[in-house]
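> what's the 3D shape of this:
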Amino acid sequence: MNRRTALAGVLALSTGLTLAGCSSSDSKPELKVSGAFMPQPVNDMAAGFLVVQNSGGSSDRLTSVTSPLSDDVTIHETKNQTMRMVTSFAVPAGGELDLERGGNHIMFMKLKQRPKQGDKVSVELHFEKADPIKVDLPVKETTHNPKKQ
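Take a look at the predicted model:
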């Protein structure tokens, strides 16, 4: 084997390894939030709903939510009509996390004030990999459910 053939082989191998390192499975999550709202609370608790869409090639996890409305904001899953706090929710690559009425949601306890219909509640979503996302939840009527419209 001559030097030119050996050098071409080495270049082809290193180029292949470089391209393999740039595969779409190594890409970052690309998150976007839509459909956010909060039904007007009737007591000192409230719930928030939204969809986190991930158009990236890597999954992520929603790990927490913060808001000036409450110092006690948690995320809950609902299974068999029972709600329980969880530490995170998966946001699959090329998929979405749907926080909706009757299902998984954001829970606000011990509200500092009770927002009224037409107000907006600021929240910040925190993820395992992606940067935090700030979202305003428009306060809707207490019975608002976009899935039933």
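> where does the protein have low pLDDT?
For the chain, the stretches with pLDDT under 70 are 1-26, 148-149.
> hey, where'd the strands end up in it?
For the chain, strands defined by DSSP state E occupy the ranges 31-39, 46-54, 60-66, 72-79, 82-86, 89-91, 96-99, 105-109, 120-127, 133-140.
> Tell me which of those lies nearest to residue 146.
Comparison of those against residue 146 by C-beta to C-beta identifies strand 31-39 as nearest, at 6.5 Å. For every residue, glycine as well, the C-beta is placed using N, CA and C.
> and the closest one, what does it pack onto?
Judged by 3 or more C-beta pairs under 8 Å, 6 or more residues apart in numbering; DSSP states H and E, strand 31-39 is in contact with strand 46-54, strand 120-127, strand 133-140.
> could the strands of the chain go into JSON lines alongside mean neighbour count and distance to residue 147?
JSON lines is the format used below for the strands of the chain (neighbours: other C-beta atoms under 10 Å; distance: least, C-beta to C-beta, whole Å):
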{"stretch": "strand 31-39", "mean neighbour count": "18", "distance to residue 147": "10"}
{"stretch": "strand 46-54", "mean neighbour count": "21", "distance to residue 147": "10"}
{"stretch": "strand 60-66", "mean neighbour count": "18", "distance to residue 147": "20"}
{"stretch": "strand 72-79", "mean neighbour count": "15", "distance to residue 147": "14"}
{"stretch": "strand 82-86", "mean neighbour count": "10", "distance to residue 147": "18"}
{"stretch": "strand 89-91", "mean neighbour count": "18", "distance to residue 147": "18"}
{"stretch": "strand 96-99", "mean neighbour count": "19", "distance to residue 147": "10"}
{"stretch": "strand 105-109", "mean neighbour count": "20", "distance to residue 147": "13"}
{"stretch": "strand 120-127", "mean neighbour count": "18", "distance to residue 147": "20"}
{"stretch": "strand 133-140", "mean neighbour count": "17", "distance to residue 147": "13"}
